[in-house]
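Q: Starting from these lines, generate the structure:
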Amino acid sequence: MSKSVDWLDYDVEEMIAADRDCLWHHLKPHNVFKEKEQMIIVEGKGLIVKDIRGREYLDATSGGVWGVIVGHGRKSMAEAISNQVQKLGYYAGGVGTVPAIKLAKKLTELLPGLGKAFFSNSGSEANEKAFKIIRQLSKINDARKGKYKVIYRDRDYHGTTIGALSATGQEERKYHFGPMVEGFIGFPPALCYRCAFGKEYPGCNIECARVLEDVILKEGPDTVGGVLVEPITAGGGILVPVKEYYTVLQEICNKYGAYLIMDEVVCGFGRTGTFWGHEHYDCKPDMVTMAKGVASCYEPLSVTVVKDEIYDLFLNTDSPDKRLNYFRDISTYGGCTGPLAAALENIRIIEDENLVENSRVVGQYLLEGLKTLEDFPIVGDVRGKGLFCGIEFVKDKKTKEPITEAQMGKLMSDVAAQGVLVGRTNTSLPGMNTIMNFAPALVATTDQMDQIIAAIRAAIELNV
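A: This is a model prediction of the structure:
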């Protein structure tokens, strides 16, 4: 019997050289590896991560992409995954497995009115499933014939595949990847700080939501199958809609028979101080997509959850064409049982440790602390909900002209030098990648929020 290899054993200099020579990093210019050694993270516990040189940082990004909801280094997460894969590691989604059934049941209980869960492996794929459901129904269901288009909101991000990118309102993400897929149409963002209509809330008519009807009428209501939005825009700058926004959006979707799809990939699982981001608003989505926080990024997993009535539209049992009576899709890794077990343990931790409430309380503390920075001339706007906050930096508060990307880069470096890792809009919005964001794990404490606020303050003081 062969001996197992200790993959945790490594030589520091060998890893640094191999990182430079072999690893293709995400979202980084290729020349940076020749210029300086890149950060290599080797260990994490709670909100604290350690790099290969032994330096410790407070991770205010939940793993860099806002997904490690329950914090790093959870032993029970590792045990749940290990116990499951030793019993059964995989079976394709054409059959049931115990963790798949348990997780589907749990998620549908957490989403009253939505009764069926389809598993895949990334947020991009979860949204692709929603698109494919809409497109297949536009071919096989008489009531939805021709309704294949999806309307998305500018500045929202929905994934990296070409289909999901076509539904993303971030032009720099799409740059050089066109042509995009036909049938995806954008509408303006929900951003009071830079209102696309020149209005001020509450003295407006929620034009940012009502414009959706104009877009639907222009495209033709008989061609529009769905409207896809993030409850709170994440990578586009932490944009929090006003309380009436989704009531208006829901009414318009209902009026024209367009499914309201909530992309909860970032906002779900307590990130915003409620279990789901859309729970801050009066709306009932027809579909919900999720990833990241569903298994706290301990394992790759995504889910597309839909109303039973959508699932039932595929029951065309009277048709002689048997290709019409089921959703003709599969995701290989949707059958991996380790991620499903991780998600079940993740949800248990969130509920047992009351992490959604902690997100609300500690998040409010963080937001109030960040607002104390508004006296600085380069702090244009501070916004957020729960443990999901952002600061928009500007050259001039009156004109709201953004600082340069070089200035933003220096701010980021100066924060990291204080031992805190924060996020930012990155290669997303032309001339507007100047929003710093904060999304620590939901186990965060107020003392750790003080550390984040102090690091931001120190960095700003170095740059004004």
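Q: Check which element follows the lowest-mean-pLDDT helix or strand in the chain along the chain.
A: None of the helices or strands of the chain scores lower by mean pLDDT, DSSP states H and E than helix 32-35, at a mean of 75. Once the chain leaves helix 32-35, the next helix or strand it forms, by DSSP states H and E, is strand 41-45.
Q: Need the contact partners of that following strand.
A: Contact with strand 41-45 is made by 49-52, 59, 68, 71-73, as judged by Cβ atoms under 8 Å, 6 or more residues apart in numbering. No exception for glycine: its C-beta is placed from N, CA and C like everyone else's.
Q: mind redoing it with 6 Å?
A: By Cβ atoms under 6 Å, 6 or more residues apart in numbering, the list of residues contacting strand 41-45 from outside reads 49-52, 72-73.
Q: Just the ones of these in strands?
A: 49-51 (DSSP state E).
Q: Looks to me like residue 392 is in a helix.
A: No: going by DSSP: H, G, I helix; E, B strand; the rest coil, the assignment for residue 392 is strand, not a helix.
Q: shouldn't it be in contact with residue 383?
A: No: assessed by Cβ atoms under 6 Å, residue 392 is found out of contact with residue 383, at 7.8 Å.
Q: Do a quick rundown of the helices in the stretch 151-300 of the chain.
A: In the stretch 151-300 of the chain, the helices defined using DSSP state H, counting those that start in this stretch lie at 162-166, 171-174, 207-219, 245-256.
Q: Of the ones you listed, flag the one that's most buried.
A: Neighbour counts (mean count of other Cβ atoms under 10 Å) averaged over each of these peak at helix 162-166, with a mean of 21.
Q: just checking, what packs against it?
A: If you count contacts as 3 or more Cβ pairs under 6 Å, 6 or more residues apart in numbering; DSSP states H and E, helix 162-166 packs onto helix 123-140.
Q: now the helices of the stretch 151-300 of the chain in TSV, with mean pLDDT?
A: Formatted as TSV, the helices of the stretch 151-300 of the chain follow (pLDDT from 0 to 100):
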stretch	mean pLDDT
helix 162-166	98
helix 171-174	94
helix 207-219	98
helix 245-256	98
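Q: Using JSON lines, please lay out the ones you listed together with distance to residue 200.
A: As requested, the helices of the stretch 151-300 of the chain are arranged in JSON lines below (distance: least, Cβ to Cβ, whole Å):
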{"stretch": "helix 162-166", "distance to residue 200": "33"}
{"stretch": "helix 171-174", "distance to residue 200": "26"}
{"stretch": "helix 207-219", "distance to residue 200": "11"}
{"stretch": "helix 245-256", "distance to residue 200": "15"}
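Q: just the CA coordinates of stretch 148-157, formatted as PDB?
A: Output of stretch 148-157 as PDB, limited to C-alpha atoms (Å, rounded to 0.1, in the frame of the first residue of the first chain):
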ATOM      1  CA  TYR A 148     -35.700  34.400 -23.600                       C
ATOM      2  CA  LYS A 149     -34.100  37.700 -22.800                       C
ATOM      3  CA  VAL A 150     -32.600  38.600 -19.400                       C
ATOM      4  CA  ILE A 151     -32.300  42.200 -18.100                       C
ATOM      5  CA  TYR A 152     -29.400  42.900 -15.800                       C
ATOM      6  CA  ARG A 153     -28.400  46.000 -13.800                       C
ATOM      7  CA  ASP A 154     -25.300  48.100 -14.600                       C
ATOM      8  CA  ARG A 155     -22.500  47.600 -12.000                       C
ATOM      9  CA  ASP A 156     -23.800  44.200 -10.900                       C
ATOM     10  CA  TYR A 157     -21.500  41.200 -11.400                       C
END
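Q: Give me the nearest residue to residue 164, chain neighbours excluded.
A: Excluding the flanking residues, the one nearest residue 164 by Cβ to Cβ, 6 or more residues apart in numbering is residue 124, at 4.3 Å.
Q: is it true that the one you found touches residue 162?
A: No: under the criterion of Cβ under 6 Å, residue 124 makes no contact with residue 162, lying 9.5 Å away.
Q: tell me the average confidence for stretch 13-20?
A: Confidence for stretch 13-20, expressed as mean pLDDT, is 94.
Q: for stretch 392-403, same thing?
A: Stretch 392-403 shows a mean pLDDT of 97.
Q: re earlier: give me the distance between the residue nearest to residue 164 and residue 327.
A: Distance, residue 124 to residue 327, by Cβ to Cβ, to the nearest Å: 18 Å.
Q: Between the two, which is the more surrounded one?
A: In this view residue 124 and residue 327 are compared by other Cβ atoms under 10 Å, and residue 124 has more residues nearby, 23 against 18.
Q: follow-up on the earlier one: residue 392 and residue 383: who's more crowded?
A: residue 392 (25 against 21).
Q: The stretch 201-350 of the chain: strands as residue ranges?
A: 224-229, 259-263, 287-290, 302-306 (DSSP state E, counting those that start in this stretch).
Q: Those: which one's closest to residue 364?
A: strand 259-263 (23.0 Å; Cβ to Cβ).
Q: tell me the angle the closest one makes with helix 245-256.
A: 150 degrees (axes from the mean of the first three to the mean of the last three Cα atoms, to 10 degrees).
Q: Extract the C-alpha set from strand 259-263 and format it as PDB.
A: C-alpha atoms of strand 259-263 as PDB (Å, rounded to 0.1, in the frame of the first residue of the first chain):
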ATOM      1  CA  TYR A 259     -38.900  36.100 -13.400                       C
ATOM      2  CA  LEU A 260     -37.100  38.100 -10.700                       C
ATOM      3  CA  ILE A 261     -33.800  36.400 -10.100                       C
ATOM      4  CA  MET A 262     -31.800  37.300  -7.000                       C
ATOM      5  CA  ASP A 263     -28.100  36.600  -7.200                       C
END
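Q: Packing partners of that strand?
A: strand 224-229, strand 287-290.
Q: Off-centre distance for the last one?
A: Taking Cα atoms, centre = their mean, to the nearest Å, one finds the center of strand 287-290 at 11 Å from the center of the full chain.
Q: And for the longest one?
A: Computed by Cα atoms, centre = their mean, the separation of strand 224-229 from the middle of its chain amounts to 18 Å.
Q: Also stretch 275-295?
A: Relative to its parent chain, stretch 275-295 has a centroid offset of 11 Å by Cα atoms, centre = their mean.
Q: For stretch 95-114, which outside residues touch it?
A: Here stretch 95-114 makes contact (Cβ under 6 Å, 6+ apart) with 84, 91, 115, 117, 284, 288, 305, 307, 337, 340-341, 343-344.
Q: Just the buried residues of it, please?
A: 97, 99-100, 103-104, 106-108, 110-111, 114 (16 or more other Cβ atoms under 10 Å).
Q: could those residues go into a markdown table alongside distance to residue 33, pLDDT and secondary structure?
A: As requested, those are exported to a markdown table (distance: Cβ to Cβ, whole Å; pLDDT from 0 to 100; DSSP: H, G, I helix; E, B strand; the rest coil):
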| residue | distance to residue 33 | pLDDT | secondary structure |
| --- | --- | --- | --- |
| 97 | 41 | 98 | coil |
| 99 | 39 | 98 | helix |
| 100 | 40 | 98 | helix |
| 103 | 39 | 98 | helix |
| 104 | 43 | 98 | helix |
| 106 | 43 | 98 | helix |
| 107 | 41 | 98 | helix |
| 108 | 46 | 98 | helix |
| 110 | 43 | 98 | helix |
| 111 | 43 | 98 | coil |
| 114 | 45 | 98 | coil |
